[in-house]
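**Q** Below is the structure, and that's it, no one-letter string:
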């Protein structure tokens with residue numbers, strides 16, 4: 001729900017440069033082992049262009065604007081050519097390329113630690129679930145990172161391990177989005193997009209009063225506001241993922257915040273800070289203890305429901321509003 005500066009991501013990539021270089025080399029080697037003779041002439045030409053892309057040592061590190069140019073120049077997959085008794089084979093060129101690039105293995109091994117270092121643990125779209133999905137592997141259960149591809153891996157398989165093409169998300173949002181463009185860019189060099197999110201949550205004053213009278217959380221009315229304007233052909237976060245409806249199921253979180261706002265008034269907070277001054281807690285640490293979640297926009301992706309929690313906490317006066 002908030003963008004991350006490209007420079008921050010690049011600094012994390014630098015710490016993993018040897019692993020990323022090995023991924024690129026492995027992909028290049030395995031792409032060359034694909035038996036191109038089973039494909040049509042158009043697919044063979046396409047495969048060769050993909051192999052050529054991976055001769056570039058920095059290919060996996062291409063920025064969003066560079067990826068856009070590469071996508072346009074390379075184009076999507078040619079029409080499928082593999083058939084069995086008139087029916088398309090399940091395994092087509094896109095699957096061969098994805099296997100060569102090792103995307104599935106990287107979901108288990110590299111991506112979890114890579115995105116943890118960037119600071120992404122919850123879905124970048126809905127912010128309501130972790131980016132982990134459980135996969136049964138024989139008798140074992142594996143936890144894999146769920147990743148949405150900004151440009152579909154089925155249509156543009158050569159981008160399936162390009163790091164700036166990967167958006168960590170929950171399985172629900174990944175399924176709902178599919179290949180539909182959504183009005184959200186996770187990576188940006190626009191400083192204004194990393195300071196404040198285009199989205200915010202509020203509760204109505206009337207519903208707060210009704211809750212205080214009845215102690216019934218169902219009386220709380222949540223509003224999800226989106227100040228961005230989707231380009232033609234793109235969906236808003238609300239229309240793509242039903243953000244408000246998801247957060248409506250968590251009114252108990254807001255109920256707790258309302259109660260805390262009645263308890264933790266300014267005078268009581270000053271007493272607490274003075275009492276625990278030896279802990280050397282800064283204001284952000286102290287606020288996090290009170291509301292039970294992150295309080296700064298830059299930390300939205302670190303924990304589910306952090307965006308709603310920090311917005312409502314500020315509205316209720318539990319934490320300070322940023323200038």
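**A** Right, received. Where do you want to start? This one's a predicted model, so the numbers in the text were calculated from it and none came from an experiment.
**Q** who's in contact with the residue lying closest to residue 231 once chain neighbours are set aside?
**A** Excluding the flanking residues, the one nearest residue 231 by CB to CB, 6 or more residues apart in numbering is residue 183, at 6.7 Å. C-betas here are computed from N, CA, C, even on glycine. Each residue near residue 183 by CB atoms under 8 Å, 6 or more residues apart in numbering is listed here: 228-231, 234-237.
**Q** Repeat the analysis, applying 6 Å as the threshold.
**A** 228, 230, 234, 236 (CB atoms under 6 Å, 6 or more residues apart in numbering).
**Q** in this protein, which ranges drop under the pLDDT threshold?
**A** Residues of the chain that meet the criterion pLDDT under 70 lie in 321-323.
**Q** quick check: domain ranges of it?
**A** Domain assignment of the chain by automatic domain parsing yields the ranges 4-188, 196-315.
**Q** got the end-to-end distance for the longest one?
**A** Domain 4-188 has an end-to-end distance of 6 Å (CA to CA, to the nearest Å).
**Q** Could you do the last one as well?
**A** Using CA to CA, one end of domain 196-315 lies 16 Å from the other.
**Q** if we can go back for a sec, ok, the residue nearest to residue 231 to residue 239 distance?
**A** Look at residue 183 and residue 239: by CB to CB, to the nearest Å, they are 9 Å apart.
**Q** got it, and residue 40?
**A** For residue 40, the distance to residue 239 - CB to CB - is 38 Å.
**Q** my guess is residue 136 is in a helix, correct?
**A** No - checked against DSSP: H, G, I helix; E, B strand; the rest coil, residue 136 lies outside a helix; its state is strand.
**Q** Just grab the bridge partners of it for me.
**A** When bridges are called by DSSP bridges, residue 136 pairs up with residue 141.
**Q** Can you report how many residues lie near it?
**A** If you count neighbours by other CB atoms under 10 Å, residue 136 ends up with 8.
**Q** Over to residue 302?
**A** By the criterion of other CB under 10 Å, residue 302 has 16 neighbours.
**Q** Spit out the contact partners of it.
**A** 119, 121, 294 are the contacts of residue 302 under CB under 6 Å, 6+ apart.
**Q** Most neighbours among those, which one?
**A** Counting neighbours by other CB under 10 Å, residue 294 comes out on top of these with 20 neighbours.
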